[in-house]
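Enquirer: Provided below for reference: sequence and predicted model.
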There are 2 protein chains.
Amino acid sequence: MNYRHPERDQIRIDGVLSALGNPLRLSVVRLLDSGGEQNCSRVLNVLGVTAKSTMTHHWRVLRDSGVIWQLASGRENLLSLRREDLDARFPGLLDAIVTGARTDDPVGARAGSGG
Amino acid sequence: MNYRHPERDQIRIDGVLSALGNPLRLSVVRLLDSGGEQNCSRVLNVLGVTAKSTMTHHWRVLRDSGVIWQLASGRENLLSLRREDLDARFPGLLDAIVTGARTDDPVGARAGSGG
DNA sequence: GTGAGTGTACGACTTTTCTCGTACTGTACG
DNA sequence: CGTACAGTACGAGAAAAGTCGTACACTCAC
């Protein structure tokens, strides 16, 4: 299955901020930033989410806002951060957010990221 | 009247991102960033918002998330960006957002900001 | 005191977001 | 083929966000 992703130029900061304003989605971004490409189930497991359909909703939000790539690969689909596009579009934003999210989270603040 | 503002340490990145994920509030932040302290009516006028009670709602969101100071002064109250706190808490975030918002906005992208 | 200006509080309403269960599509493997 | 796995689509329900009108509180100038 092929998803529709916005072009780099179509990415809007409102959308990005709004997408990342949700704790769950922010965690997803942190995970993708530290762990690279992941499939959906892996993320569900790590974050402790039980309902797949809930995450399908969040994938859509992150994808539509231009934050992640979601690409089918066999029977899974692979999620990755659109770091190049985001860095080109909004320099420093992603780094500031990921770093900020780490300092906000008592676990991440000490450990960095425990894969 | 005295409003309750979160301490610097209480500011959460979720809250900030969520607050700034709204186009209207993002415009407010841009305005305060470029124009310094403003009163509410001034902002209403510049942004073309008609209902005062609508903005009262947005002031609360921005204030509660730690993005702005709102201080009574005579019969007005003055709004200003909590730049020091935000920069200390999430280095580079505010700059990235304000800059990004400018490039997103066709007017601001060319002119910078027409006060 | 009266009148005008600045902004909040509250209630109502509409729209959006979030979450979940169920049914379904498509891939891999025997 | 059948079975298991990975994830979407759809519908429903609850909660949150956004908008507005009206009424009120407070300050300033007269």
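Expert: Nice, thanks for sending it over.
Enquirer: mind checking pLDDT for the residue nearest the centre of chain A?
Expert: In chain A, the residue lying closest to the centroid (C-alpha atoms, centre = their mean) is residue A:29, at 3.1 Å. Looking at residue A:29, its pLDDT reads 97.
Enquirer: helices or strands next to the helix or strand encompassing it in the packing?
Expert: Using DSSP states H and E, residue A:29 sits within helix A:23-35. Contacts defined by 3 or more C-beta pairs under 8 Å, 6 or more residues apart in numbering or on different chains; DSSP states H and E place helix A:23-35 against helix A:13-20, helix A:40-47, helix A:52-64, strand A:68-73, strand A:76-81, helix A:93-104, helix B:13-20. Every C-beta, even on glycine, is put in place using the N, C-alpha and C of the backbone.
Enquirer: Please name whichever of the ones you listed is nearest to residue A:34.
Expert: helix A:93-104 (8.3 Å; C-beta to C-beta).
Enquirer: So that closest one, near chain B or not?
Expert: Yes. Using C-beta under 8 Å from any C-beta of the partner chain, helix A:93-104 comes into contact with chain B via A:93, A:95-97, A:99-101, A:103-104.
Enquirer: Point out the residues in chain A that sit beside DNA strand C.
Expert: A:1, A:18, A:21-22, A:24, A:49-54, A:57-58, A:61, A:74-75 (C-beta under 7 Å from any atom of the strand).
Enquirer: Any idea which helix or strand in chain A has the lowest mean pLDDT?
Expert: For chain A, the helix or strand with the lowest mean confidence is helix A:106-111, at a mean of 60 (criterion: mean pLDDT, DSSP states H and E).
Enquirer: Tell me who's in contact with residue A:68.
Expert: Shown in contact with residue A:68 (C-beta atoms under 8 Å, 6 or more residues apart in numbering or on different chains): A:28-29, A:32, A:59, A:62, A:79-82.
Enquirer: try 6 Å this time
Expert: A:62, A:79 (C-beta atoms under 6 Å, 6 or more residues apart in numbering or on different chains).
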